[in-house]
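Asks: everything below, folded, please.
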Amino acid sequence: MNDDRATVRDVAARAGVSPSTVSRVIKGDYPVAQSTKTRVLRAMRELDYVLNVHARALSGASTKMVAFVLDDVTGPSFAYVAKGVEQQATAEGRLCMVCATNGDPARELAVVEAMREQRADAVILVGGGALDDAYRERMSHFAHALDKAGSRLVLCGRPPLGDDVPTTVVEYDNEGGAYAMTSHLLSQGHRHIALIGADHPGQASTTKLDRVRGFVRAHESFGVPYDPDLIVPAGFDRADGQTAARRLIALGARFTAVFAATDMVAIGVLAALREAGLRVPEDVSLAGYDDIPFAADLSPGLTTVRIPTEELGRTAVRLALDRRQPQHVVLGTHIVVRGSVGPATPR
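Replies: Model (predicted):
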């Protein structure tokens, strides 16, 4: 098959300059007179010149791109982190590429490797990371490889890989948010609190583990024992929450409050409670985590933990592209009190 795409030599001939001058304009690594640069850019437009990213990578030039890697593009909280990434990337003169992994650690590793080959300026991983040693070792390898290539691995909303691993880390106080919400429920007199969305067996993630830790620590602070049977493994979406809550109700479990690991899980729990004829908050109080935009529009409004999602995205890009700034930042979380939590009532 013939390839009729314009080449650097074609652009040079159209602009009346040498091929090396065209290369300098493309790379932006050497001063070129503005009039010459204008002629080259005009020739590129007229010829519909498309940059060969593989050749550019071989030349050692940056692709002026940041990659945003997340589990699920439909997740509301992820969408707002992505918005922050895109806003800051645009402000920094970078394109933003979004890659979804569907929660598969192997897929995540493959995406990071592909972005390393494309010489992205930063590869931003969002959400909880896997906890197994093989995954951490492989990710640490990529962090070193990206750093050597002048790029950066950014951990957004997850903890560092280790002091000797060159990464940018932008966390939020995940455990602290769970601690604050559980403390709020305990302060309302709840002594039987279900935590739905803890984890699937064998699929531990840093996000879920930190929320369990905050839940347990709050009980310890209040001197209230927690019931391990009320820590219910589930995914992070609506259907998971509804299924887990139905199961809990069918078993006749004793609880006066539910702390859902995400707002989407909370929406599913709310549906299951209503199916069972239970009122919120009169019969069961309900809390979530994330403060997605429509949490306030539920009836009653959802009490939840607010994550600074857009700020996470903006900070991740800003720090990755400016290593003079601190490379490990922890942003705060806080609870937002609405109508879904009330005083405990016996069940």
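Asks: what sits against V258?
Replies: With contact set as Cβ atoms under 8 Å, 6 or more residues apart in numbering, V258 has these partners: I193, A194, L195, I196, A245, A266, V269, L273, V284, S285, L286, A287. Every C-beta, even on glycine, is put in place using the N, C-alpha and C of the backbone.
Asks: restricted to strands, list those residues.
Replies: Those of these mapping onto strands are I193, A194, L195, I196, S285, L286, A287, per DSSP state E.
Asks: now neighbour count and pLDDT too, for the residues you listed, in CSV please.
Replies: Formatted as CSV, those follow (neighbours: other Cβ atoms under 10 Å; pLDDT from 0 to 100):
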residue, neighbour count, pLDDT
I193, 25, 98
A194, 26, 97
L195, 27, 97
I196, 29, 96
S285, 27, 98
L286, 29, 98
A287, 30, 98
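Asks: closest to P346 out of the residues you listed?
Replies: Using Cβ to Cβ, S285 comes nearest to P346 of the ones in strands among the contacts of V258, at 13.1 Å.
Asks: looks like that closest one contacts A257 (just checking).
Replies: Yes - S285 is within contact range of A257, at 4.1 Å (criterion: Cβ atoms under 8 Å).
Asks: find residues that contact each of those two.
Replies: The overlap between the contact sets of S285 and A257 (Cβ under 8 Å, 6+ apart) consists of L185, Q188, H190, V341, A344.
Asks: what's near enough to touch the fourth one?
Replies: In other words, V341. Contacts of V341 (Cβ under 8 Å, 6+ apart): H184, L185, Q188, A257, P281, S285, L286, A287, T303.
Asks: and which of those residues is nearest to Q118?
Replies: The nearest one, if we look at those relative to Q118 and count by Cβ to Cβ, is A287, at 41.6 Å.
Asks: beta partners for the closest one?
Replies: Note on A287: beta-bridge partners by DSSP bridges are F259, T303.
Asks: OK, contacts around it?
Replies: 181, 184-185, 257-260, 266, 302-305, 340-341.
Asks: who wins for neighbours among those residues?
Replies: Taking other Cβ atoms under 10 Å as the neighbour criterion, F259 ranks highest of these with 34 neighbours.
Asks: buried residues in the helix or strand harbouring A67?
Replies: Applying DSSP states H and E as the criterion places A67 in strand 65-70. By 16 or more other Cβ atoms under 10 Å, the buried positions in strand 65-70 come out as M65, V66, A67, F68, V69, L70.
Asks: before we move on, what about stretch 228-237?
Replies: Of all the residues in stretch 228-237, those buried under the rule 16+ other Cβ under 10 Å are L230, I231, V232, P233, A234, G235, F236, D237.
Asks: in strands, which of these fall?
Replies: Using DSSP E, the buried residues of stretch 228-237 in strands are I231, V232.
Asks: quick one: the buried residues of stretch 228-237 as CSV, columns for pLDDT too.
Replies: Converted to CSV, those look like this (pLDDT from 0 to 100):
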residue, pLDDT
L230, 95
I231, 94
V232, 93
P233, 90
A234, 88
G235, 85
F236, 84
D237, 87
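Asks: out of the buried residues of stretch 228-237, which is nearest to D132?
Replies: D132 lies nearest to P233 out of the buried residues of stretch 228-237, by Cβ to Cβ, at 17.2 Å.
Asks: I'd say that closest one and A198 touch.
Replies: Yes - applying Cβ under 8 Å as the test, P233 and A198 come out as touching, 5.4 Å apart.
Asks: contacting residues around the most centrally placed residue in the chain?
Replies: By Cα atoms, centre = their mean, the chain has its centre lying nearest to V126, at 2.6 Å. Residues near V126 by Cβ under 8 Å, 6+ apart: F68, V69, L70, D71, F78, V81, A82, C156, G157, L312.
Asks: ok, back up a step: looking at the buried residues of strand 65-70, which one is closest to P105?
Replies: V69 (11.4 Å).
Asks: do you know how far the closest one is from G162?
Replies: 20 Å (Cβ to Cβ, to the nearest Å).
Asks: relative to strand 65-70, how tilted is the host helix or strand of A110?
Replies: Here A110 sits within helix 105-117, counting by DSSP H and E. Between helix 105-117 and strand 65-70, the angle comes out at 180 degrees (axes from the mean of the first three to the mean of the last three Cα atoms, to 10 degrees).
Asks: now do helix 105-117: everything it contacts.
Replies: 57, 67, 69, 97, 99, 101, 123, 125, 129-130, 132, 135, 138-139, 142, 145-146, 149, 151, 153.
Asks: mind giving me the PyMOL command for buried ones among those residues?
Replies: Only the buried entries of the contacts of helix 105-117 go into this PyMOL selection, using 16+ other Cβ under 10 Å:
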select buried, resi 57+67+69+97+99+101+123+125+129+130+135+138+139+142+145+146+151+153
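Asks: from the contacts of helix 105-117, which land in strands?
Replies: Judged by DSSP E, strands contain the following of these: A67, V69, M97, C99, V123, L125, L153.
Asks: would you mind giving the residues you listed as JSON lines with pLDDT and distance to E171 added?
Replies: Output for these, formatted as JSON lines (pLDDT from 0 to 100; distance: Cβ to Cβ, whole Å):
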{"residue": "A67", "pLDDT": "90", "distance to E171": "19"}
{"residue": "V69", "pLDDT": "89", "distance to E171": "16"}
{"residue": "M97", "pLDDT": "87", "distance to E171": "23"}
{"residue": "C99", "pLDDT": "86", "distance to E171": "21"}
{"residue": "V123", "pLDDT": "92", "distance to E171": "17"}
{"residue": "L125", "pLDDT": "90", "distance to E171": "12"}
{"residue": "L153", "pLDDT": "93", "distance to E171": "14"}
